[in-house]
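[1] whatever this is, show me its structure:
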Amino acid sequence: MKITKVTTLKVEVPLQKPLITAIHRTESVGCVLVRIETDTGLVGENYVFALNKARLPVFEAMINSLEPFLIGQNPVYVEKIWEQMWIDCNPLGQKGVTIGAISALDTALWDLIGKQAGMPLYQLFGACRDKVRVYASSGLWLSQSIDELIGEAHQFIDQGFRSMKLRLGKENPREDVARAKALREAVGEDVEILTDANQSMTPRQAIALARQLEEFNIGWLEEPVPAQDLAGHARILEAINIPVASGETEYTRFGMKDMLDARAVDILMPDLQRIGGLTEFRKSAALASAYNVPVSTHIFTEQSLSIAGSAPNCISVEHVDWFTPLYNESMQIEDGYILMPQGPGLGFTFDNDFIERHRID
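    Residues are numbered from 1 along each chain as shown. Next comes the predicted model:
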């Protein structure tokens, strides 16, 4: 099998509700879809995204610039291709858009490899489970009233979730405490509540808030301070009784190692787009296991299930419904768990009708 063509397409996916955090506000997500075609007729698929669709041409151009490393190659040489792209991007920088482009291509290559083998990727990688804990992350935004939070939380429970993430970052911390208290009272003690500050606090502010939140049995405090402040993360981790989660804003296994060496997290949260694709994600999960640190995958639910099903130290996946319209297949959630897809490769294929209606020319 040889790669014959790489194509890209820009689409805008509208959100059911605006996404509002301490640092973001958007009503749609822009994606660059990637298709890798072969002489056997098999096609590998993947995407990268930006909250600001105006930046999509930058991603698309970077992906297209890496096409020569794929044409004529057998996709099973995915490690070789990854290293060639990594080395070639060195002068430009091995973070940011360059890694996002590598990730887009790398994960599509793995989709191809799984399809050629006729196996789900999580099994091809060496399966450890057929389902994994999942938490709802498509709501409980900072802009919602307490009544809206409670209403949406009950919707999540009805959908099969037993864990959900609440955004923090109100100007008055008392509001964050009141919202967490009301949510805990509404869902009871059997539902896990996770919190995410989206890098909006100082270490002192995060410690003060966390100590007030502890009585509500919070599962973790995510990105309490700017992502690059590893000393601040470590300071918070040692001062509070809520686990600290972070890592989504760092790049590649080298960034993960920096966080682990700094003892900055209790739970590592690699993001597929920033980590560098499934090749690098597998290495990062293995690296974290050597530090006895669990991982929880960030966004990219469909693709990240291949990691969750094969990495024993993966404790959960984040479920967002933003990208579900892109696919023909749906994820299955049952009593707090998400089931591994059983189709070959990633197990999800693009819905061409939806894509055609929402393409950006």
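
[2] which residues of this protein fall in helices?
    56-65, 78-88, 97-117, 121-124, 146-158, 173-187, 203-213, 230-239, 252-261, 272-275, 278-290, 301-308, 352-358 (DSSP state H).

[3] dump these into TSV; add distance to I36 and mean neighbour count as well.
    (Glycine included, C-beta is placed from N, CA and C.) Shown next, in TSV, are the helices of the chain (distance: least, CB to CB, whole Å; neighbours: other CB atoms under 10 Å):
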stretch	distance to I36	mean neighbour count
helix 56-65	11	18
helix 78-88	10	17
helix 97-117	5	25
helix 121-124	15	22
helix 146-158	35	16
helix 173-187	43	17
helix 203-213	42	18
helix 230-239	36	18
helix 252-261	21	19
helix 272-275	17	27
helix 278-290	14	21
helix 301-308	14	26
helix 352-358	16	13
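
[4] which one of these lies closest to T38?
    helix 97-117 (6.7 Å; CB to CB).

[5] let me see the mean pLDDT of that closest one.
    Averaged over helix 97-117, pLDDT sits at 98.

[6] what's the angle from it to helix 278-290?
    With axes from the mean of the first three to the mean of the last three CA atoms, to 10 degrees applied, the angle from helix 97-117 to helix 278-290 works out at 100 degrees.

[7] for helix 97-117, packing partners?
    On a contact count with 3 or more CB pairs under 8 Å, 6 or more residues apart in numbering; DSSP states H and E, helix 97-117 meets strand 25-38, strand 43-50, helix 56-65, helix 78-88, helix 121-124, helix 272-275, helix 278-290, helix 301-308.

[8] tabulate the ones you listed (a markdown table), appending mean pLDDT and distance to S246.
    Shown next, in a markdown table, are these (pLDDT from 0 to 100; distance: least, CB to CB, whole Å):
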| stretch | mean pLDDT | distance to S246 |
| --- | --- | --- |
| strand 25-38 | 92 | 22 |
| strand 43-50 | 97 | 20 |
| helix 56-65 | 97 | 24 |
| helix 78-88 | 98 | 24 |
| helix 121-124 | 98 | 25 |
| helix 272-275 | 98 | 12 |
| helix 278-290 | 98 | 12 |
| helix 301-308 | 98 | 17 |
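
[9] so for P173, which of those sits nearest?
    strand 25-38 (20.8 Å).

[10] quick check: the residue in the chain sticking out farthest from the centre vs H154, distance?
    For the chain, the residue at maximal distance from the C-alpha centroid (CA atoms, centre = their mean) is D39, at 31.5 Å. According to CB to CB, to the nearest Å, D39 stands 52 Å off from H154.

[11] can the helices of the chain go into TSV with extra columns for distance to Q16?
    TSV is the format used below for those (distance: least, CB to CB, whole Å):
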stretch	distance to Q16
helix 56-65	21
helix 78-88	35
helix 97-117	25
helix 121-124	28
helix 146-158	11
helix 173-187	20
helix 203-213	28
helix 230-239	32
helix 252-261	32
helix 272-275	22
helix 278-290	28
helix 301-308	16
helix 352-358	14
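
[12] so which of these is nearest M1?
    Closest among the helices of the chain, using CB to CB: helix 97-117, at 6.0 Å.

[13] looking at this protein, which helix or strand is least sure?
    strand 3-20 (a mean of 89; mean pLDDT, DSSP states H and E).

[14] kindly format the C-alpha coordinates of it as PDB.
    Output of strand 3-20 as PDB, limited to C-alpha atoms (Å, rounded to 0.1, in the frame of the first residue of the first chain):
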ATOM      1  CA  ILE A   3       0.100   6.900  -0.400                       C
ATOM      2  CA  THR A   4      -1.000   8.600  -3.600                       C
ATOM      3  CA  LYS A   5      -2.700  11.800  -2.400                       C
ATOM      4  CA  VAL A   6      -3.300  14.100   0.600                       C
ATOM      5  CA  THR A   7      -6.300  16.400   0.500                       C
ATOM      6  CA  THR A   8      -7.600  19.100   2.900                       C
ATOM      7  CA  LEU A   9     -10.900  20.800   3.300                       C
ATOM      8  CA  LYS A  10     -12.000  23.600   5.600                       C
ATOM      9  CA  VAL A  11     -15.400  23.400   7.400                       C
ATOM     10  CA  GLU A  12     -17.200  25.400  10.000                       C
ATOM     11  CA  VAL A  13     -19.100  23.300  12.600                       C
ATOM     12  CA  PRO A  14     -21.800  25.300  14.500                       C
ATOM     13  CA  LEU A  15     -22.100  24.700  18.200                       C
ATOM     14  CA  GLN A  16     -25.500  24.000  19.800                       C
ATOM     15  CA  LYS A  17     -24.600  26.500  22.500                       C
ATOM     16  CA  PRO A  18     -21.900  29.200  22.700                       C
ATOM     17  CA  LEU A  19     -18.700  28.000  24.300                       C
ATOM     18  CA  ILE A  20     -17.800  30.500  27.100                       C
END
